[in-house]
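Q: Quick one, what's the 3D model for this:
(2 chains)
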Amino acid sequence: MVEYIFYALSVICIACALLVVFSKNPIHSVLYLILAFFAIAGHYVLLNAQFLAVVHIIVYAGAIMVLFLFVIMLLNLNAETEPHKNMLTKIMATVSGGLLLVTLVGSFRAAGQVEMVNLDNSNIGTIENLGKVLFNDFLLPFEISSVLFLSAMIGAVILGKKQLS
Amino acid sequence: MKEVIQGIPLNYYLFLSTVLFSIGVLGVLFRRNAIIILMSVELMLNSINLLLVAFSAFHGDAKAQVFVFFIMIVAAAEVAVGLALMVLIYRNIKTLDIDFLNKLKW
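A: Predicted coordinates for the structure are as follows:
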């Protein structure tokens, strides 16, 4: 049963990722990317990371992709304004992407079966456990990330506002 | 053999993440629309997130999931600044075709 869910989610995820790259209309790309993110959230639930799945949906589908949609609609991008690359660049991009895939898969296969123990610990993904780890071991990076957010927010506002002249 | 979690080997997650990452690289190389390139970068970040969560589940260690939080934080900040840059670029040259952004090329 779990295997079938895994295969279904993987097929949805890969198909939507390919459609993100190959669809002409940028709005369709955004919608397919949201579908791919939902499939990845399903994978998180399958891996016993329930809190991360919820955060993933809220942050990506709820915030980041809405921002993408806003910008695409604000700039009025659609299939007609879509720039086209010449054929040689497309072929070379496909070849190099395929070569990267072949190299990585080949090296992973050559590395052999990874020995991992399943500790049968299904509560590592709960809010309680993650909060303990985050505020005990990663307190300083957590605080620094707030500074990162503040600087990103100020930078986005300064970049986005009209030039004063 | 205790390397299977709920019947799914770790290698499957490794291959799935590899395929997703390669599709992201393909998208960056294939498209000229700068917003699609930013979306492909998001796809690559998500493949790495998936791999980190898979290793976390197989290892029984919650620290990898905290790393996924930090990757999400960086991705959110990157998207905010990146989309502000897109708006600025569009306001100046009226297109998002990256082939017109070649002033810094040489």
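
Q: okay, CA-based contacts and neighbour counts for the rest of this
A: OK.

Q: Could you point out the helix or strand that follows the helix or strand A:Ile40 falls within?
A: In this assignment (DSSP states H and E), A:Ile40 forms part of helix A:26-46. As assigned by DSSP H and E, the chain's next helix or strand after helix A:26-46 is helix A:50-56.

Q: Report the distance from that following helix to the chain centre.
A: 13 Å (Cα atoms, centre = their mean, to the nearest Å).

Q: same for it, what does it pack against?
A: helix A:26-46 (3 or more Cα pairs under 8 Å, 6 or more residues apart in numbering or on different chains; DSSP states H and E).

Q: Touching the helix it packs on from outside, list them.
A: In this structure, residues lying in contact with helix A:26-46 by Cα atoms under 8 Å, 6 or more residues apart in numbering or on different chains are A:2, A:6, A:9-10, A:12-14, A:16-17, A:19-21, A:23, A:50, A:52-54, A:56-57, A:60-61, A:65, A:68-69, A:72, A:77-79, B:36, B:39, B:43, B:46, B:50, B:53.

Q: Kindly report the same for stretch B:99-106.
A: B:Arg32.

Q: Give me the mean pLDDT for that stretch.
A: Averaged across stretch B:99-106, the pLDDT comes to 76.

Q: The nearest residue to B:Glu78 once chain neighbours are set aside and A:Glu3: what is the separation?
A: Nearest non-adjacent residue to B:Glu78, counting by Cα to Cα, 6 or more residues apart in numbering or on different chains: A:Ala152, 7.6 Å away. Per Cα to Cα, to the nearest Å, A:Ala152 is found 41 Å from A:Glu3.

Q: distance of the residue nearest the centre of chain A from A:Ile12?
A: Nearest to the geometric centre of chain A sits A:Phe37, at 6.2 Å (Cα atoms, centre = their mean). The spacing between A:Phe37 and A:Ile12, counted by Cα to Cα, is 10 Å.

Q: same deal with B:Ile71?
A: 23 Å.

Q: Tell me which of the two has more neighbours.
A: A:Ile12 (19 against 16; other Cα atoms under 10 Å in any protein chain shown).

Q: Flag the shaky bits of chain A, pLDDT-wise.
A: A:79-85, A:113-122, A:164-165 (pLDDT under 70).

Q: mind giving me the domain ranges of it?
A: With domains defined by automatic domain parsing, chain A comprises A:1-81, A:122-165.

Q: Now the element after the helix or strand in which A:Ala110 is found, going C-ward?
A: Element membership of A:Ala110 [criterion: DSSP H and E] is helix A:87-111. Heading C-terminal from helix A:87-111, the first helix or strand you meet, by DSSP H and E, is helix A:127-137.

Q: Can you check what angle separates the very next helix or strand once past that next one from helix A:127-137?
A: Using DSSP H and E, the helix or strand that directly follows helix A:127-137 along the chain is helix A:139-160. Compare the direction of helix A:139-160 with that of helix A:127-137 by axes from the mean of the first three to the mean of the last three Cα atoms, to 10 degrees and you get 90 degrees.

Q: can you list contacts of helix A:139-160?
A: With Cα under 8 Å, 6+ apart as the criterion, helix A:139-160 contacts A:134-135, B:70, B:73, B:77-78, B:80-81, B:84-85, B:87-88.

Q: In PyMOL, how would I select just the buried ones from those residues?
A: Restricted to buried positions by 16 or more other Cα atoms under 10 Å in any protein chain shown, the PyMOL selection for the contacts of helix A:139-160 reads:
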select buried, (chain A and resi 134) or (chain B and resi 70+73+77+78+80+81+84+85+87+88)
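
Q: Including distance to A:Ala156 and secondary structure, could the contacts of helix A:139-160 go into JSON lines?
A: As requested, the contacts of helix A:139-160 are arranged in JSON lines below (distance: Cα to Cα, whole Å; DSSP: H, G, I helix; E, B strand; the rest coil):
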{"residue": "A:Leu134", "distance to A:Ala156": "27", "secondary structure": "helix"}
{"residue": "A:Phe135", "distance to A:Ala156": "28", "secondary structure": "helix"}
{"residue": "B:Phe70", "distance to A:Ala156": "20", "secondary structure": "helix"}
{"residue": "B:Ile73", "distance to A:Ala156": "15", "secondary structure": "helix"}
{"residue": "B:Ala77", "distance to A:Ala156": "9", "secondary structure": "helix"}
{"residue": "B:Glu78", "distance to A:Ala156": "10", "secondary structure": "helix"}
{"residue": "B:Ala80", "distance to A:Ala156": "6", "secondary structure": "helix"}
{"residue": "B:Val81", "distance to A:Ala156": "5", "secondary structure": "helix"}
{"residue": "B:Ala84", "distance to A:Ala156": "5", "secondary structure": "helix"}
{"residue": "B:Leu85", "distance to A:Ala156": "8", "secondary structure": "helix"}
{"residue": "B:Val87", "distance to A:Ala156": "10", "secondary structure": "helix"}
{"residue": "B:Leu88", "distance to A:Ala156": "10", "secondary structure": "helix"}
